[in-house]
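**Student:** Give me coordinates for this.
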Amino acid sequence: MPYYVYKITQPTPVVKNLDFQKEFESFKDAKKFAREMRAELPLNGGITVKMIHAANQLQAEELLLEKREETVVMEWEK
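**Tutor:** The predicted structure follows:
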């Protein structure tokens with residue numbers, strides 16, 4: 001399964017804009033590319049770069065757009 005790199009902007013808490021960058025066959029190459037992209041971004045620009053492992057580009061986008069529940073931190077874990 002290939003690795004996909006996306007640039008993500010989130011103008012509102014509900015909307016995520018995915019901008020496909022590149023597809024890689026090896027983890028090492030994808031990781032290097034994602035790190036280089038992150039280094040070029042401004043610190044508080046509101047843009048994130050994510051790498052995801054998926055069967056195809058459609059599945060990668062579905063996984064990135066999936067709403068995840070926040071983890072509940074118990075009192076003793078703080």
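
**Student:** Tell me the helix or strand right after the lengthiest helix in the chain.
**Tutor:** The longest helix of the chain (DSSP state H) is helix 27-40. For helix 27-40, the following helix or strand on the C-terminal side (DSSP states H and E) is strand 47-53.

**Student:** So the residue most central in space within the chain versus Q59, what's the distance?
**Tutor:** To find the centre residue of the chain, average its C-alpha atoms and take the closest one (Cα atoms, centre = their mean): that gives K50, at 2.4 Å. Noted for K50: a distance of 14 Å to Q59, by Cβ to Cβ, to the nearest Å. For the C-beta atoms, the positions are set from N, CA and C on the backbone; glycine is no exception.

**Student:** before we move on, back to that, check which helices and strands the longest helix of the chain sits against.
**Tutor:** strand 3-9, strand 17-24, strand 47-53 (3 or more Cβ pairs under 8 Å, 6 or more residues apart in numbering; DSSP states H and E).

**Student:** Now do that helix against strand 17-24, angle only.
**Tutor:** 140 degrees (axes from the mean of the first three to the mean of the last three Cα atoms, to 10 degrees).

**Student:** coming back round to it: mean pLDDT and distance to T71 for the helices and strands packed on helix 27-40 - can I get that in a markdown table?
**Tutor:** Formatted as a markdown table, the helices and strands packed on helix 27-40 follow (pLDDT from 0 to 100; distance: least, Cβ to Cβ, whole Å):
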| stretch | mean pLDDT | distance to T71 |
| --- | --- | --- |
| strand 3-9 | 96 | 20 |
| strand 17-24 | 96 | 23 |
| strand 47-53 | 95 | 18 |
